[in-house]
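Visitor: Generate coordinates for the sequence data below:
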Amino acid sequence: MPNTPAHSPVSVLGLGLMGTALASALIKAGHPTTVWNRTESKTGPLVAQGATPAATARDAVTAGGPGGPGGPVIVCLTTNDNVRALLEPEAEALAGRTVVNLTNGTPGQARELADWAAAHGITYIDGGIMAVPQMIATPGAYILYSGTDEAAFATHRETLSALADTKWVGTDPGLAALYDLSLLTGMYGMAMGVAQAFALTGSEGLDPRDFAPLLTDWVIAMVHGNVSGMAEGLATGQHVTDVSNLAMNREAFPNFTAAFAEQGLRTDLFDPFQDLLDRAVEQGHGADGFSRLATLLKQG
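Guide: This next block holds a predicted model:
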């Protein structure tokens, strides 16, 4: 198959569950794909699909000859410290290339990596994967991207679209990580509430499978209505509500922690929310809605 822009060669460094899924998607989309992993045996299944194994990270970076194959070097490791340790010795070989870092990290880490890359003539794009490995290359999966060189992203966008839908979020390299962690924050907060809800019904021996449909419908209904309403309040600075205000919630909330304790459950997950409600009311925001709480979470 000719190496047209739609099928440009790609190197993938890091073959955990996600890295393997990314490389597999690229292979299936027709991209000549070079793969490398510190544990070499992980390249086997991908080689069976048509990937070219690289013995070293340098070999992966320089695949295709001087200057590399022209496609992006995709990195997906456990931490950004691992990314920095892996890429620093390869800085000279990476000069003139585009590195797409799909490792989960913080906005600050992304900006530091972008500064390091720029100092070595490397184009850096940071990404946040909003999918689990099984969702890669399926409808509904998307990856957030940011970096100082939007033109480089545009150049490689067709290649990256083999992985998932692409969403460019800005020229600040830290924005993809910020969006990623913000979305995951909502997910983890919901997961904590769901876990506590199952623990509460479970304290009376109720079958979680009977409760699950009720909880699913309730959470979907509440998220659908509350997220957009909170966004509007934060955007306009008008934290009004025609439902239940913070003062009302403050008075009702002790029922939750009391019930947890009565049922022999820990209250750790919900204690901080009571503290936040107390602070909101004490600062004169009792008549406001939940969007006000987001303004009270800054340190200091």
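
Visitor: Where does pLDDT dip in the protein?
Guide: Residue ranges of the chain with pLDDT under 70: 1-6, 64-70, 300.

Visitor: rerun that using 90 as the cut-off
Guide: Scanning the chain for pLDDT under 90 picks out 1-8, 63-71, 223-226, 241-243, 299-300.

Visitor: can you map out the strands along it?
Guide: 10-13, 33-36, 52-53, 73-75, 98-101, 123-130, 142-146, 165-170 (DSSP state E).

Visitor: Export these to TSV and append columns for mean neighbour count and distance to residue 91.
Guide: In this view, the C-beta of every residue, glycine as well, is placed from N, C-alpha and C. Converted to TSV, those look like this (neighbours: other C-beta atoms under 10 Å; distance: least, C-beta to C-beta, whole Å):
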stretch	mean neighbour count	distance to residue 91
strand 10-13	29	14
strand 33-36	29	17
strand 52-53	17	23
strand 73-75	27	12
strand 98-101	26	10
strand 123-130	26	12
strand 142-146	23	21
strand 165-170	16	25
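
Visitor: Dump these into a markdown table; add distance to residue 157 as well.
Guide: Listed next are the strands of the chain as a markdown table, based on distance: least, C-beta to C-beta, whole Å:
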| stretch | distance to residue 157 |
| --- | --- |
| strand 10-13 | 13 |
| strand 33-36 | 17 |
| strand 52-53 | 24 |
| strand 73-75 | 13 |
| strand 98-101 | 11 |
| strand 123-130 | 10 |
| strand 142-146 | 9 |
| strand 165-170 | 6 |
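
Visitor: so which of those comes closest to residue 221?
Guide: Across those, residue 221 has its closest neighbour in strand 123-130 (22.6 Å, C-beta to C-beta).

Visitor: can you list contacts of the closest one?
Guide: If you take C-beta atoms under 8 Å, 6 or more residues apart in numbering as the criterion, strand 123-130 is touched by 18, 72, 97-102, 104-105, 110, 113-114, 117-118, 136, 141-149, 152-153, 156, 164, 173-174, 176-177, 179-181, 183.
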